[in-house]
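> Whatever this is, show me its structure:
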Amino acid sequence: MNDSLFSVSNKCVIITGVLGQLGLAYARAFKDRGATVVGFDVHPESRVDDKIGAGYAIARYFQVDITDKQAIARAV
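This next block holds a predicted model:
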């Protein structure tokens, strides 16, 4: 889907809480609109495959506590 008013095609977006229901829904929506999705969540990376499966919308995943500024800086 391409919406010229709100185009994210060829953009990189970071979704926090990506392993939750809303985070996954946002990741799908952005991926469907052509964005590269980077996911942040506090859960260990081993849970990613359980939640999203192989070949899902997330191009890259980082275990990040978004209340920790240094953790965010390391991930970005």
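> Skip ahead from the lowest-mean-pLDDT helix or strand in the chain and say which helix or strand is next.
Least confident element among the helices and strands of the chain, by mean pLDDT, DSSP states H and E: helix 46-52 (a mean of 62). For helix 46-52, the succeeding helix or strand toward the C-terminus, using DSSP states H and E, is strand 58-63.
> Quick one: list the elements packing against that following strand.
With contacts defined as 3 or more C-beta pairs under 8 Å, 6 or more residues apart in numbering; DSSP states H and E, strand 58-63 has these neighbours: strand 36-41, helix 46-52. No exception for glycine: its C-beta is placed from N, CA and C like everyone else's.
> strands paired with the shortest one, and their directions?
Same thing as strand 36-41. strand 12-16 (parallel), strand 58-63 (parallel) (DSSP bridges).
> C-terminal to the longest one, which secondary structure element comes first?
In other words, strand 58-63. helix 69-75.
> Buried residues, that following helix. List them.
Residues 71-72, 75 are the ones in helix 69-75 that count as buried (16 or more other C-beta atoms under 10 Å).
> Please name every helix or strand in contact with that helix.
So helix 69-75, by 3+ C-beta pairs under 8 Å, 6+ apart, packs with no helix or strand.
> and residue 18, which of the three is it?
Secondary structure, DSSP: H, G, I helix; E, B strand; the rest coil: residue 18 is coil.
> ok, and the closest non-adjacent residue to it?
What sits nearest to residue 18 in space, not counting adjacent residues and going by C-beta to C-beta, 6 or more residues apart in numbering, is residue 39, at 3.2 Å.
> try residue 44
If the residues on either side of it in the chain are set aside, residue 44 comes closest to residue 63, at 5.8 Å by C-beta to C-beta, 6+ apart.
> who does that neighbour bridge with?
For residue 63, the beta-bridge partners under DSSP bridges are residue 41.
> so what's it up against?
Residues near residue 63 by C-beta atoms under 8 Å, 6 or more residues apart in numbering: 41-45.
> which of those count as buried?
So, by 16+ other C-beta under 10 Å, the buried ones in those are residue 41.
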